[in-house]
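Asker: sequence unavailable; structure follows:
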């Protein structure tokens, strides 16, 4: 009889982001949250149109436009828990947002996104 090993599946970046937004809306029902339309693959004409409309490579995945402490709002770049890697465009955006007075962080997985948000909301 073959032994069966359990493989722990790590959620995708999209699955974690969906779970995070659901958690956020329950925890903070009166505070707005928005996601950028940067991710995913698109046909050339659609990508061109989105770029003309202002979609910018590297812009963080999540925006919480709610000032806390010294910050104007919170931006989160969501990455897969075990293998997320930032692009140069993402690094540039995070640094730019920090320079403008925003809290801008990278969350590797759902738990880290929640931790970052809880710390921010408790400022």
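Answerer: Arrived safely, thanks for sending. What you are looking at is a predicted structure, and each value in this text was computed from that prediction instead of being measured.
Asker: dump the residue contacts of residue 116.
Answerer: Each residue near residue 116 by Cβ atoms under 8 Å, 6 or more residues apart in numbering is listed here: 74, 76, 105, 107. Quick note: C-beta positions are derived from backbone N, CA and C, even for glycine.
Asker: buried set for stretch 63-79?
Answerer: Buried residues in stretch 63-79, defined by neighbour count with 16 or more other Cβ atoms under 10 Å: 63-64, 66, 71, 73-79.
Asker: so which of the residues you listed belong to strands?
Answerer: Among those, the ones falling in strands (DSSP state E) are 63-64, 74-79.
Asker: and the angle from the longest helix along the chain to strand 74-79?
Answerer: For the chain, the helix that runs over the most residues, judged by DSSP state H, is helix 13-27. Helix 13-27 runs at 150 degrees relative to strand 74-79, counting by axes from the mean of the first three to the mean of the last three Cα atoms, to 10 degrees.
Asker: tell me what the next helix or strand after helix 13-27 is packed against?
Answerer: The C-terminal neighbour of helix 13-27 among helices and strands, as given by DSSP states H and E, is strand 34-35. Under the contact definition 3 or more Cβ pairs under 8 Å, 6 or more residues apart in numbering; DSSP states H and E, strand 34-35 sits against strand 62-64.
Asker: so what secondary structure elements neighbour the strand it packs on?
Answerer: Counting contacts by 3+ Cβ pairs under 8 Å, 6+ apart, strand 62-64 is packed against helix 13-27, strand 34-35, strand 74-79, helix 110-121.
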